[in-house]
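*Asks:* Sequence and predicted structure, then a few things I'm wondering about:
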Amino acid sequence: MDKLVIEGGHPLRGSIKISGAKNAALPLIAATLLAPGRHTVRNVPNLRDTRTILKLLESFGAKTELAADGTLTVDSDEISNLEASYELVKTMRASVLVLGPLLARFGRARVSLPGGCAIGARPIDFHLQALEKMGARLVLREGYVEAQAEASLAGAEVCFDIPSVTGTENILMAAALAKGVTVLKNAAREPEVGNLIEMLQAMGAEIEGRDTDRLTIRGVPRLKAADSAVIPDRIETGTYLIAVGAVGGEVTLTNCRPGHLPSVLDKLRQVGLVIEEGEDSIRVARRGALRNVDVKTMPYPGFPTDLQAQVMSLMAMTNGGLSVIHETIFENRFMHVAELRRLGADIRVDGRSAIVKGAGGFVGAKVMATDLRASASLVIAGLAAQGLTEISRIYHLERGYDNLVGKLRALGAKVQQMRE
Ligand code: EPZ
């Protein structure tokens with residue numbers, strides 16, 4: 001396994017390009033299963049997770065080719081295997097996104113249950129209940145979901161208890177080929193869901209309500225392969241903005257969408273960052289002392305849970321003030337707290353709230369990555385810490401950040417990746 005060694009204290013300066021969004025690329029790639037022919041998906045990021053879902057599609061019989069510029073072609077004419085194996089699914093929960101399309105197009109699918117992960121149990125009951133309402137017969141056997149829909153799926157009225165992102169995406173794909181109309185209430189409104197809707201519409205799907213919590217999908221008999229493009233990664237964008245807040249400097253992020261980070265930009269301006277928004281760029285600088293803010297994670301357009309660990313690192317650096325960070329989406333998303341404490345942070349966890357007392361900075365130490373976004377918070381702390389920080393198990397980072405070391409180095413950070 002690899003580790004990162006970071007020499008802290010070097011402000012970030014320069015410009016980097018934001019990559020395509022992991023959480024948009026995954027549903028778009030899954031959606032290529034819905035129609036035969038040659039699909040093109042542009043701006044696909046080069047990540048462990050995108051490589052995993054491409055392996056999954058190839059295990060079904062699809063042919064995929066990812067060019068160096070991020071242009072992906074998928075030919076899903078010859079799908080002969082309808083089983084998503086535990087070996088692949090256990091490495092990436094988002095593999096559940098193949099269930100809807102396989103069932104919708106082939107009437108059958110056998111997908112391993114994802115199993116839990118570090119940040120919570122993360123069940124898929126909303127996905128399964130909705131598919132059953134659409135006429136699927138599901139049996140849970142030996143850790144797999146065995147799904148059948150003799151005829152095609154039927155449109156249904158579905159209401160999620162919680163606006164599940166991948167739940168919304170799975171039902172969108174299943175409903176696109178169902179007989180009749182599906183209405184999905186309390187749907188997720190994340191930009192990544194909108195990106196999938198755009199692709200499905202290009203394939204011939206009839207969907208209304210994009211960017212709202214109520215989606216209406218009129219099923220069509222078949223869909224056709226189409227060209228689509230992955231939106232920029234708003235979580236990667238937020239991660240770099242927060243990094244500049246932590247270690248100082250002045251950075252321009254290009255190929256990004258300021259409009260996809262409404263609450264994040266507001267919150268970081270309250271902290272004291274200077275943020276200028278362009279059409280598809282953001283310029284960020286730190287001026288003066290950091291101010292403490294409270295953060296409550298919420299479904300889009302609220303503050304994203306995927307930036308909670310990163311903003312906690314920032315709040316741990318203020319001079320003495322208090323911040324309350326409340327995590328409403330996942331039940332165990334504070335794995336980074338123990339590691340941040342090793343770097344000198346003063347954080348107390350009380351249920352789903354973390355009370356952060358600004359310690360004025362970090363002191364480098366050896367720490368361990370536990371999950372994707374927790375690892376990002378440790379990188380941010382290491383960039384700002386006095387001395388050296390070593391972060392082990394950085395395969396977590398490689399799941400969701402395209403060329404992180406290269407981008408940080410381009411901004412003047414002193415960071416090395418090496419064997420543990
Ligand atoms: C997506 O996960 C993202 N992943 C996550 O990003 C993100 O943190 C999350 O949405 C919330 O924004 C992808 O898009 C691939 P949910 P997802 O279903 O869809 C509960 C990252 O770091 N729930 O919106 O799995 C669930 O336990 C990752 O990039 C059920 O109870 O999240 C959670 O508490 C981490 N039953 C809440 O809903 C279900 O059937 C929201 O989960 C589904 C969800």
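*Replies:* Cool, the structure landed. All figures in this text were calculated on a predicted structure; none of them were measured in a lab.
*Asks:* touching the ligand at all, stretch 264-278?
*Replies:* No - taking C-beta under 6 Å from any ligand atom as the criterion, stretch 264-278 and the ligand are apart, separated by no less than 13.2 Å. Glycine gets a C-beta too; all of them are placed from N, C-alpha and C.
*Asks:* cool, stretch 292-300 as well?
*Replies:* No - Stretch 292-300 lies out of reach of the ligand by C-beta under 6 Å from any ligand atom, never closer than 6.8 Å.
*Asks:* Render the CA-only coordinates of that stretch in PDB, please.
*Replies:* Taking Å, rounded to 0.1, in the frame of the first residue of the first chain, the C-alpha atoms of stretch 292-300 are listed here in PDB:
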ATOM      1  CA  ASN A 292     -15.300  30.000  13.100                       C
ATOM      2  CA  VAL A 293     -18.600  29.000  11.500                       C
ATOM      3  CA  ASP A 294     -21.100  26.300  12.300                       C
ATOM      4  CA  VAL A 295     -21.900  23.700   9.600                       C
ATOM      5  CA  LYS A 296     -24.900  21.400   9.100                       C
ATOM      6  CA  THR A 297     -24.700  18.900   6.300                       C
ATOM      7  CA  MET A 298     -27.900  18.700   4.200                       C
ATOM      8  CA  PRO A 299     -29.100  17.300   0.900                       C
ATOM      9  CA  TYR A 300     -28.400  19.600  -2.100                       C
END
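*Asks:* now it: mean pLDDT?
*Replies:* Mean pLDDT, computed over stretch 292-300, is 98.
*Asks:* Please point out which parts of that stretch sit buried.
*Replies:* Buried residues in stretch 292-300, counting neighbours by 16 or more other C-beta atoms under 10 Å, are found at Asn292, Val293, Val295, Thr297, Pro299, Tyr300.
*Asks:* Excluding sequence neighbours, find me the nearest residue to the third one.
*Replies:* Distances taken as C-beta to C-beta, 6 or more residues apart in numbering place Ile325 nearest to Val295, at 4.8 Å, with adjacent residues excluded.
*Asks:* bridging residues for that neighbour?
*Replies:* Val295, Ala354 (DSSP bridges).
*Asks:* and it, what does it touch?
*Replies:* Neighbouring residues of Ile325 by C-beta atoms under 8 Å, 6 or more residues apart in numbering: Asp294, Val295, Lys296, Gln308, Val311, Met312, Met315, Ser353, Ala354, Val356.
*Asks:* how about a cut-off of 10 Å?
*Replies:* Residues in contact with Ile325 (C-beta atoms under 10 Å, 6 or more residues apart in numbering) are 293-297, 303, 308-309, 311-312, 315, 333-334, 337, 347, 349, 352-356.
*Asks:* ok, now Thr182?
*Replies:* Listed by C-beta under 10 Å, 6+ apart, the contact set of Thr182 reads 130, 133-134, 153-158, 171-172, 174-176, 207, 215-219.
*Asks:* taking these one by one, which sit in strands?
*Replies:* Mapping the contacts of Thr182 onto strands (DSSP state E) picks out Glu157, Val158, Ile207, Leu215, Thr216, Ile217, Arg218.
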